[in-house]
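> Everything below, folded, please.
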Amino acid sequence: MNIQKLTNATMNFDQSAIDEKINSIRSRVYKLEKHVKTTWLIKAIGFLDLTTLGSDDTPAKIEALCDKAVHPFKLSNNSNLHTASVYVYPLRLMDAITALEKLDKDHKISRATVGGGFPSGQYLLETRLREVELDVELGADEIDIVINRPLVLMHQWQKLYEELKLFRTACGNKCLKVILGTGELGNLENVYKASMIAMMAGADFIKTSTGKEAINATLPVGIVMCRAIKDYYESTQKKVGLKPAGGIKAPQEALEWMMLVQMELGEEWLCKDFFRIGSSNLLDNIIEEIQSN
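Here you go, the predicted structure:
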C-alpha cells in the first residue's frame, strides 16, 4: 500500500449514510430476543479489557480487579468465563502479573498495560519508545500505545508512519494496540487515514480512545474504522482488530458495538483476537443486566 497515494486522496463520508447505519444497528439490537441478548452479553465479557487507570490505583485495588476478571460471576459454574485481559498502568503491571499468577494459572487472561506517553503522546519519542521497551521487559502481553495526534492534525502522515513503525519494533512480538484518540482528530477523513497508517505500520488492533479525551468511542468513528479495517484486509489479507474504549458503560452500548462489527466486518471478527472493549465499569453493569433477566 502506498502512503502518499492514501494521504493525498480526498475522502468524503456521507453523514446521512452513517446515521442510517447507526439506526440499523440500534434497531437490530432492540429486536434481539431476550435469550439472545443474554447470550451476547455473556460473550461480551470475553471481549473485555478490564481496566483501571486511576492515579489512586494500589496493589490491593489491582488484586481485586484481577479477581473480578478471573471470576466475573462469583456464583457461576462456568469456570471458562473470564475477561480477555486486565489493563493497568506500567507501575502496577507487576501487581497484576503477581495476582494473576495465583488466580489464573493457565494464563487465559492477558497481562496488559499502556505506553507511548499515554494518554497525551506529548513526550519525547525516545521516552515514549523506552516506555514500551520497559513494558515488554516487565512481562506485558499487550501494550496500548497512543499516537501523537498533532501529526494527524498537521497531516504529517509519513512521520506518523515512521513513529509507529518504531513502536512496532519496540513492542516485539507482543500485541500492539494503537490508540487514535479519535475525538481529537478533527474529522472522519483523519480517522480513516490514521487508521490505515496504524495498520500499515503493524498495529494488531486500532483503538478509538484513551478514555481521557472529552469525546471517546462513538459509533460514527467505529463505522469509519471498520471501513478502514475492511479496506486494509481486502488489500493485504491481514486481519486487524478493533477496540472501542472510553465511556462505554451500558450493556446496550456493548451490544451496539458487537452488532456494528458483525454487520461491517463479519462474524469472524467477533472473537477476542480481533475485537475488544476497553472499560472499567461495563462488567458490573453487564452482570447486573444478566442477573435481572
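
> wait, isn't residue 120 in contact with residue 146?
Yes: the pair residue 120 / residue 146 is scored as a contact, 7.3 Å apart, by CB atoms under 8 Å. C-beta: built from backbone N, CA, C; applies to glycine.

> So for the two, which sits in the more crowded spot?
A side-by-side neighbour count of residue 120 and residue 146, using other CB atoms under 10 Å, places residue 146 first with 25 against 15.

> wait, doesn't that one sit right on residue 177?
No: between residue 146 and residue 177 there is no contact under CB under 8 Å: 9.8 Å.

> Mind jotting down where the helices sit in the stretch 51-200 of the chain?
59-70, 93-103, 125-138, 149-153, 157-171, 188-200 (DSSP state H, counting those that start in this stretch).

> In space, not sequence, find me the middle residue of this structure.
In the chain, the centroid-proximal residue (CA atoms, centre = their mean) is residue 243; its distance is 2.6 Å.

> now it: how far from residue 203?
Going from residue 243 to residue 203 by CB to CB, to the nearest Å gives 10 Å.

> okay, and the common contacts of these two?
In terms of CB atoms under 8 Å, 6 or more residues apart in numbering, residue 243 and residue 203 are both contacted by the residues residue 177.

> one step back: pick the most deeply packed of the helices of the stretch 51-200 of the chain.
Each of the helices of the stretch 51-200 of the chain was scored by mean neighbour count; the highest is helix 188-200, a mean of 24, by mean count of other CB atoms under 10 Å.

> Quick one: mean pLDDT for the next helix or strand after that one?
The helix or strand immediately downstream of helix 188-200 is strand 205-207, counting by DSSP states H and E. Taken as a whole, strand 205-207 has a mean pLDDT of 98.

> Now tell me what touches strand 205-207 from outside.
Strand 205-207 has contacts (CB under 8 Å, 6+ apart) with 144, 175-180, 195, 198-199, 225, 228-229, 240-245, 274, 276, 278.

> name the helices or strands packed onto the longest helix seen in the chain?
In the chain, taking DSSP state H as the definition, the longest helix is helix 219-236. Counting contacts by 3 or more CB pairs under 8 Å, 6 or more residues apart in numbering; DSSP states H and E, helix 219-236 packs against helix 15-30, helix 188-200, strand 205-207, strand 241-243, helix 251-264.

> Same list, these, but as a markdown table with distance to residue 137 please.
Listed next are these as a markdown table, based on distance: least, CB to CB, whole Å:
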| stretch | distance to residue 137 |
| --- | --- |
| helix 15-30 | 41 |
| helix 188-200 | 24 |
| strand 205-207 | 22 |
| strand 241-243 | 24 |
| helix 251-264 | 33 |
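
> Point out the most buried one among the ones you listed.
On a mean-neighbour basis (criterion: mean count of other CB under 10 Å), the most buried of the helices and strands packed on helix 219-236 is strand 205-207, at a mean of 26.
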